[in-house]
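S.K.: Could you look at this predicted model? Sequence included:
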Amino acid sequence: MRRAAVVAALVLVAAGCAASPEARRTEEARRARCAAIEIVPAGVVPSRPYQVLGPVTADGGARIGHEALRESACRLGADAVIQVRQESPAEYSPSGPGAMFEERAQVSGTAVVWTDGATLNE
């Protein structure tokens, strides 16, 4: 799994080196937009009106999960992910001489767009 992630990262780096200045600016703008997507925890009611785009989920710890949620929400054109929850189900992993339990956190939420006309940069 890690090997595939490393290979994918190297491919992206190589592609980035060959990209035109315009393509790099477009990618930088996309990354900035994705990074600006708000994360609203479960139990917090957004103060702005919104429209639901759909559910988003990610595996990994909270930090990794939030980054992946932002990326998924960005692909949907979202402004925020609301009702974000983290679950840590224990999984059985028979590795080595004894059985072990391994935790894999899953982070989930709902991608939304704000409908009050305000933009992410305001």
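M.R.: Received, thanks.
S.K.: for the residue nearest to residue 81 when sequence neighbours are not counted, what are its contacts?
M.R.: The shortest distance from residue 81 to any non-neighbouring residue, by C-beta to C-beta, 6 or more residues apart in numbering, is to residue 109 (4.0 Å). (Glycine included, C-beta is placed from N, CA and C.) Taking C-beta atoms under 8 Å, 6 or more residues apart in numbering, we find residue 109 in contact with 39-40, 42, 55-57, 69, 73, 81-85.
S.K.: Look up how far residue 19 lies from residue 109.
M.R.: 31 Å (C-beta to C-beta, to the nearest Å).
S.K.: cool, and residue 60?
M.R.: Relative to residue 19, and taking C-beta to C-beta, residue 60 is found at 27 Å.
S.K.: now swap in residue 53 and tell me
M.R.: The value you get for residue 53 to residue 19, if C-beta to C-beta is used, is 28 Å.
S.K.: Could you do residue 110 as well?
M.R.: Taking C-beta to C-beta, one finds residue 110 at 33 Å from residue 19.
S.K.: One more: residue 36?
M.R.: Distance from residue 36 to residue 19, by C-beta to C-beta: 22 Å.
S.K.: about what we covered before: residue 53 and residue 19 - which one has more neighbours?
M.R.: With neighbours defined as other C-beta atoms under 10 Å, residue 53 and residue 19 compare such that residue 53 has more, 18 against 13.
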